[in-house]
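Visitor: Below are the sequence and a predicted model for it; my questions follow.
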Amino acid sequence: MWIADNWKDYEVLDTSAGEKLERWGDYILVRPDPQVIWNTPHEHMGWKKKNGHYHRSTKGGGEWEFFNLPDEWSIRYTAGEKGSQHFPLADGILTFRLKPFSFKHTGLFPEQAANWEWFSELIRGADRPISVLNLFAYTGGATCAAAKAGAHVTHVDAAKGMVGWAKENAKLSGLPD
(Lines give C-alpha, C1' and ligand atoms only; values in the text may rest on other atoms or scores of the structure.)
Protein backbone atom coordinates (compact mmCIF):
# COMPACT_ATOMS: atom_id res chain seq x y z
CA MET A 1 0.00 0.00 0.00
CA TRP A 2 1.24 3.47 -0.84
CA ILE A 3 0.88 6.11 1.84
CA ALA A 4 0.53 9.84 1.17
CA ASP A 5 3.02 10.84 3.85
CA ASN A 6 4.62 13.98 2.44
CA TRP A 7 1.85 16.25 3.72
CA LYS A 8 2.76 18.99 6.15
CA ASP A 9 -0.62 20.77 5.91
CA TYR A 10 -2.86 17.70 6.23
CA GLU A 11 -2.98 15.05 8.92
CA VAL A 12 -5.40 12.50 10.31
CA LEU A 13 -5.19 13.18 14.04
CA ASP A 14 -7.56 10.54 15.39
CA THR A 15 -10.48 8.30 14.43
CA SER A 16 -13.42 6.95 16.39
CA ALA A 17 -17.09 5.98 16.11
CA GLY A 18 -17.43 6.47 12.36
CA GLU A 19 -15.59 9.80 12.27
CA LYS A 20 -12.11 11.06 11.59
CA LEU A 21 -10.44 14.07 13.15
CA GLU A 22 -8.32 15.85 10.52
CA ARG A 23 -6.00 18.85 10.45
CA TRP A 24 -6.26 20.84 7.22
CA GLY A 25 -3.59 23.52 7.57
CA ASP A 26 -4.49 25.51 10.68
CA TYR A 27 -8.00 24.08 10.96
CA ILE A 28 -9.40 20.95 12.57
CA LEU A 29 -12.37 19.19 10.98
CA VAL A 30 -14.44 16.20 12.03
CA ARG A 31 -15.92 14.28 9.10
CA PRO A 32 -17.75 10.96 8.88
CA ASP A 33 -15.87 7.93 7.64
CA PRO A 34 -17.78 4.65 7.38
CA GLN A 35 -14.53 2.66 7.54
CA VAL A 36 -13.94 3.81 11.12
CA ILE A 37 -15.81 1.01 12.89
CA TRP A 38 -14.03 1.20 16.27
CA ASN A 39 -15.09 3.35 19.19
CA THR A 40 -12.13 4.73 21.12
CA PRO A 41 -11.99 7.56 23.67
CA HIS A 42 -11.77 11.05 22.18
CA GLU A 43 -8.52 11.84 23.96
CA HIS A 44 -6.97 14.09 21.30
CA MET A 45 -7.63 17.75 22.16
CA GLY A 46 -8.77 18.40 18.59
CA TRP A 47 -12.11 16.73 19.31
CA LYS A 48 -12.87 19.64 21.68
CA LYS A 49 -11.14 22.36 19.63
CA LYS A 50 -12.53 21.55 16.20
CA ASN A 51 -13.29 24.27 13.64
CA GLY A 52 -15.89 22.27 11.75
CA HIS A 53 -17.97 19.15 12.26
CA TYR A 54 -19.99 17.49 9.52
CA HIS A 55 -23.04 15.78 10.99
CA ARG A 56 -24.47 13.02 8.83
CA SER A 57 -28.26 12.85 8.72
CA THR A 58 -30.13 9.57 9.19
CA LYS A 59 -32.18 10.59 6.13
CA GLY A 60 -29.10 10.99 3.90
CA GLY A 61 -26.75 13.91 3.44
CA GLY A 62 -25.98 16.07 6.43
CA GLU A 63 -24.76 19.52 7.38
CA TRP A 64 -21.72 21.34 8.66
CA GLU A 65 -21.45 23.03 12.04
CA PHE A 66 -18.65 25.63 12.10
CA PHE A 67 -16.55 27.08 14.91
CA ASN A 68 -14.23 29.90 13.78
CA LEU A 69 -13.67 28.43 10.32
CA PRO A 70 -13.19 30.75 7.34
CA ASP A 71 -15.31 30.25 4.23
CA GLU A 72 -12.18 29.06 2.44
CA TRP A 73 -8.44 28.65 3.02
CA SER A 74 -5.40 27.08 1.34
CA ILE A 75 -3.05 24.22 2.10
CA ARG A 76 0.21 23.18 0.44
CA TYR A 77 1.70 19.86 -0.55
CA THR A 78 5.44 19.58 -1.07
CA ALA A 79 6.24 16.46 -3.01
CA GLY A 80 9.28 14.29 -2.76
CA GLU A 81 10.59 15.55 0.56
CA LYS A 82 11.57 12.10 1.79
CA GLY A 83 14.60 11.77 -0.48
CA SER A 84 12.87 11.15 -3.79
CA GLN A 85 13.30 13.30 -6.87
CA HIS A 86 9.65 14.01 -7.62
CA PHE A 87 8.46 17.24 -9.22
CA PRO A 88 11.78 18.52 -10.60
CA LEU A 89 10.11 21.43 -12.38
CA ALA A 90 9.44 24.72 -10.64
CA ASP A 91 9.38 24.37 -6.88
CA GLY A 92 7.56 21.06 -6.30
CA ILE A 93 4.88 22.80 -4.24
CA LEU A 94 1.19 22.36 -4.94
CA THR A 95 -1.28 24.77 -3.35
CA PHE A 96 -4.99 24.01 -3.04
CA ARG A 97 -7.91 26.19 -2.03
CA LEU A 98 -10.32 24.41 0.30
CA LYS A 99 -13.86 25.05 1.41
CA PRO A 100 -16.43 22.76 3.02
CA PHE A 101 -19.04 21.36 0.63
CA SER A 102 -22.60 20.58 1.64
CA PHE A 103 -21.75 16.85 1.36
CA LYS A 104 -18.70 16.64 3.72
CA HIS A 105 -15.99 17.23 1.10
CA THR A 106 -13.38 19.98 1.31
CA GLY A 107 -12.32 20.12 -2.35
CA LEU A 108 -9.37 17.74 -2.10
CA PHE A 109 -8.71 14.05 -1.50
CA PRO A 110 -5.33 14.18 0.32
CA GLU A 111 -4.83 10.40 0.24
CA GLN A 112 -4.43 10.69 -3.54
CA ALA A 113 -1.02 12.33 -3.09
CA ALA A 114 0.56 8.86 -3.12
CA ASN A 115 -0.75 8.45 -6.67
CA TRP A 116 0.48 11.92 -7.62
CA GLU A 117 3.98 10.92 -6.52
CA TRP A 118 3.83 7.65 -8.47
CA PHE A 119 2.67 9.06 -11.81
CA SER A 120 4.92 12.11 -11.47
CA GLU A 121 7.91 9.83 -11.38
CA LEU A 122 6.65 8.05 -14.52
CA ILE A 123 6.12 11.38 -16.29
CA ARG A 124 9.59 12.61 -15.36
CA GLY A 125 11.25 9.39 -16.48
CA ALA A 126 9.46 9.11 -19.82
CA ASP A 127 12.13 10.95 -21.85
CA ARG A 128 9.40 12.17 -24.20
CA PRO A 129 6.49 14.57 -24.04
CA ILE A 130 3.58 13.18 -22.01
CA SER A 131 -0.08 14.11 -22.42
CA VAL A 132 -2.57 13.28 -19.67
CA LEU A 133 -6.35 13.21 -19.93
CA ASN A 134 -7.81 13.62 -16.45
CA LEU A 135 -11.50 12.68 -16.53
CA PHE A 136 -13.85 13.48 -13.63
CA ALA A 137 -10.99 15.65 -12.49
CA TYR A 138 -12.72 17.46 -9.60
CA THR A 139 -10.70 20.44 -8.29
CA GLY A 140 -7.46 19.44 -10.00
CA GLY A 141 -5.20 17.69 -7.49
CA ALA A 142 -4.01 15.12 -10.02
CA THR A 143 -4.12 17.68 -12.83
CA CYS A 144 -1.79 20.02 -10.97
CA ALA A 145 0.55 17.20 -9.93
CA ALA A 146 0.86 15.88 -13.51
CA ALA A 147 1.42 19.38 -14.91
CA LYS A 148 4.00 20.17 -12.22
CA ALA A 149 5.86 16.98 -13.24
CA GLY A 150 5.99 18.23 -16.85
CA ALA A 151 2.97 16.69 -18.58
CA HIS A 152 0.53 18.51 -20.84
CA VAL A 153 -2.79 17.93 -19.05
CA THR A 154 -6.38 18.14 -20.26
CA HIS A 155 -8.67 18.53 -17.24
CA VAL A 156 -12.29 17.40 -17.76
CA ASP A 157 -15.13 17.64 -15.28
CA ALA A 158 -18.87 17.92 -15.94
CA ALA A 159 -19.25 20.60 -13.26
CA LYS A 160 -18.18 24.01 -14.55
CA GLY A 161 -17.45 25.12 -10.99
CA MET A 162 -14.92 22.30 -10.56
CA VAL A 163 -13.10 23.32 -13.73
CA GLY A 164 -12.89 26.90 -12.47
CA TRP A 165 -11.68 25.71 -9.08
CA ALA A 166 -9.02 23.56 -10.76
CA LYS A 167 -7.82 26.58 -12.75
CA GLU A 168 -7.52 28.50 -9.50
CA ASN A 169 -5.54 25.65 -7.89
CA ALA A 170 -3.24 25.55 -10.92
CA LYS A 171 -2.62 29.28 -10.64
CA LEU A 172 -1.99 28.99 -6.87
CA SER A 173 0.50 26.21 -7.66
CA GLY A 174 2.40 28.39 -10.13
CA LEU A 175 1.19 26.54 -13.24
CA PRO A 176 0.09 28.07 -16.54
CA ASP A 177 -3.53 27.83 -17.69
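Guide: That came through, no problem.
Visitor: where in the protein is pLDDT low?
Guide: In the prediction, the chain carries residues with pLDDT under 70 at positions 1, 80-91.
Visitor: Please, where are all the strands along it?
Guide: 10-16, 19-24, 27-32, 52-56, 62-66, 73-78, 93-98, 131-135, 152-156 (DSSP state E).
Visitor: quick one: which of those is nearest Pro110?
Guide: Closest to Pro110 of those, according to CB to CB: strand 10-16, at 4.4 Å. (C-beta placed from N, C-alpha, C; glycine too.)
Visitor: picking that back up, for Lys167, find the nearest of the strands of the chain.
Guide: Across the strands of the chain, closest to Lys167 is strand 152-156 (CB to CB), at 8.2 Å.
Visitor: Any buried residues in the closest one, and which?
Guide: 153, 155 (16 or more other CB atoms under 10 Å).
Visitor: Next, format the strands of the chain as a markdown table and append distance to Ile3.
Guide: Shown next, in a markdown table, are the strands of the chain (distance: least, CB to CB, whole Å):
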| stretch | distance to Ile3 |
| --- | --- |
| strand 10-16 | 11 |
| strand 19-24 | 15 |
| strand 27-32 | 19 |
| strand 52-56 | 24 |
| strand 62-66 | 28 |
| strand 73-78 | 14 |
| strand 93-98 | 17 |
| strand 131-135 | 22 |
| strand 152-156 | 24 |
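Visitor: So which of the ones you listed is nearest Ala145?
Guide: The nearest among the strands of the chain, by CB to CB, is strand 93-98 at 6.3 Å.
Visitor: Okay, now the sheet partners of the closest one, with direction.
Guide: Strand 93-98 has its sheet partners listed here by DSSP bridges as strand 73-78 (antiparallel).
Visitor: Can you mark which positions in the strand it pairs with are buried?
Guide: In strand 73-78, counting by 16+ other CB under 10 Å, buried: 73, 75, 77.
Visitor: Then stretch 28-47?
Guide: Buried-residue list, stretch 28-47, by 16+ other CB under 10 Å: 28-31, 33, 46-47.
Visitor: May I see the residues you listed organised as JSON lines, with distance to His105 added?
Guide: Listed next are the buried residues of stretch 28-47 as JSON lines, based on distance: CB to CB, whole Å:
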{"residue": "Ile28", "distance to His105": "17"}
{"residue": "Leu29", "distance to His105": "11"}
{"residue": "Val30", "distance to His105": "14"}
{"residue": "Arg31", "distance to His105": "9"}
{"residue": "Asp33", "distance to His105": "12"}
{"residue": "Gly46", "distance to His105": "20"}
{"residue": "Trp47", "distance to His105": "21"}
